[in-house]
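>>> model the structure of this input:
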Amino acid sequence: MERKRYAIIVAGGSGTRMGGSLPKQFMLLGERPILIHTIEKFFSLRRRPELIIVVPQNLREQWKAICKEYKFAVSHTLVSGGITRFHSVKNALKYIEPGCVVAIHDAVRPFADSDFIEGLYNEAEESGAVIPVIKVTDSLRIVEGEESKPVDRELYVAVQTPQVFWSEHLLNGYEQAFSPQFTDDASVVESIGVKIKFAAGLTANIKITKPEDMVLASAYLTSS
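Residues are numbered from 1 along each chain as shown. So this is what the prediction gives:
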C-alpha cells in the first residue's frame with residue numbers, strides 16, 4: 001500500500017551570510033523568490049505531496065505578502081519555525097498524518113529536479129530512511145588546534161536534501177530533547193537506531209547561502 005506523501009520545506013534562514021537584510025529564501029532568483037522555485041519543484045511531482053512550509057514567526061506576514069505579490073497560490077500549511085532547525089522540523093511534524101512518508105528539504109536548494117525527488121520518495125517507501133549524498137572531490141584536512149593533517153576523502157561524502165523518512169521514524173526521533181550532535185534530520189533518526197540508506201545526490205542541487213552561490217544559481221537557472 002502506498003504511503004501518503006508530505007514535504008516539509010524549512011525556510012528558517014536570516015540571510016546574514018548573504019550580506020543583506022532580505023532573508024535568503026526570499027531573495028530573487030531570476031524573476032521570483034528562491035522559496036517559490038523550491039516549492040514548485042515539489043508541486044510538480046506526479047504524486048504531489050502535502051506541503052508544509054516553515055518560516056520564522058517574524059517572517060510569516062512577509063511570506064504572505066510575497067505570495068500575494070507573485071500571485072503564488074500553491075496550497076500549503078504555514079508553520080512557524082523554532083529556535084533551531086531541529087525545533088522547526090519538530091513544529092512541522094505536528095501537521096503530518098501517521099503512516100506516511102516525509103521529505104524534509106532546505107528552502108534554498110531550488111534545483112532538486114522532479115525525477116531526483118521522486119526517486120528519493122520511492123526509495124524511502126521501501127527502506128524507511130534515505131538521504132542523497134555526493135562524493136567529495138576536494139582534498140580534505142582535519143584541523144586540531146594549530147596543526148592539521150590530510151584525510152582520505154574516499155571516507156567522506158557530502159550530504160544533501162531532501163532527506164526522506166517514514167513518519168514513524170521522524171516522530172520517534174523528534175520526541176528526544178535537542179542535542180548539538182543533531183546536524184540534520186538523518187542524525188536525529190539514526191540516533192534511535194534506524195539505518196540510513198544512501199542515494200545518489202545531484203550536482204546541481206546546490207544550497208544557496210553566500211553571494212557567490214547566487215552567481216552559480218543564476219547560471220543554472222539560465223541553462224535549465
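
>>> I'd guessed Phe198 sits against Val157; true?
Yes - the pair formed by Phe198 and Val157 meets the contact definition of C-beta atoms under 8 Å, at 7.2 Å. For every residue, glycine as well, the C-beta is placed using N, CA and C.

>>> now for the two: what residues contact both?
Counting by C-beta atoms under 8 Å, 6 or more residues apart in numbering, the residues touching both Phe198 and Val157 are Val133.

>>> quick one, strands of this structure?
5-10, 28-29, 32-33, 50-55, 77-80, 101-106, 129-135, 140-144, 147-151, 157-159, 163-166, 197-200 (DSSP state E).

>>> out of these, which gets nearest to Tyr220?
strand 28-29 (9.2 Å; C-beta to C-beta).

>>> parallel or antiparallel, list what pairs with the closest one.
Taking DSSP bridges as the criterion, strand 28-29 forms sheet pairs with strand 32-33 (antiparallel).

>>> and Glu50, how far from Arg60?
19 Å (C-beta to C-beta, to the nearest Å).

>>> I meant to write Val108 there.
18 Å.

>>> of these two, who's got more company?
For Val108 versus Arg60, the count of surrounding residues by other C-beta atoms under 10 Å is larger for Val108: 27 against 15.

>>> who's in contact with Tyr6?
So Tyr6 contacts Pro49, Glu50, Leu51, Ile52, Ile96, Glu97, Cys100, Val101, Val102, Ala103, Ser167 (C-beta under 8 Å, 6+ apart).

>>> repeat that with 6 Å
Residues in contact with Tyr6 (C-beta atoms under 6 Å, 6 or more residues apart in numbering) are Pro49, Glu50, Ile96, Cys100, Val102.

>>> mind checking how far stretch 136-143 is from the chain centre?
Taking C-alpha atoms, centre = their mean, to the nearest Å, the mean C-alpha location of stretch 136-143 is offset from the chain mean by 24 Å.

>>> what residues does it touch?
Identification of contacts with stretch 136-143 by C-beta under 6 Å, 6+ apart yields Ser148, Lys149, Pro150, Val151, Arg153, Tyr156, Ala158.

>>> got the CA positions of that stretch in PDB?
In PDB, the C-alpha atoms belonging to stretch 136-143 read as follows (Å, rounded to 0.1, in the frame of the first residue of the first chain):
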ATOM      1  CA  VAL A 136      33.900  14.800  -2.100                       C
ATOM      2  CA  THR A 137      36.200  15.900  -4.800                       C
ATOM      3  CA  ASP A 138      38.300  18.400  -2.900                       C
ATOM      4  CA  SER A 139      41.300  17.400  -0.800                       C
ATOM      5  CA  LEU A 140      40.400  17.400   2.900                       C
ATOM      6  CA  ARG A 141      42.400  18.100   6.000                       C
ATOM      7  CA  ILE A 142      41.500  17.700   9.700                       C
ATOM      8  CA  VAL A 143      42.400  20.600  11.900                       C
END
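
>>> tell me the buried residues in the lowest-mean-pLDDT helix or strand in the chain?
Ranked by mean pLDDT, DSSP states H and E, the weakest helix or strand in the chain is helix 211-223, scoring a mean of 92. Judged by neighbour count using 16 or more other C-beta atoms under 10 Å, the buried positions of helix 211-223 are Asp213, Met214, Ala217.
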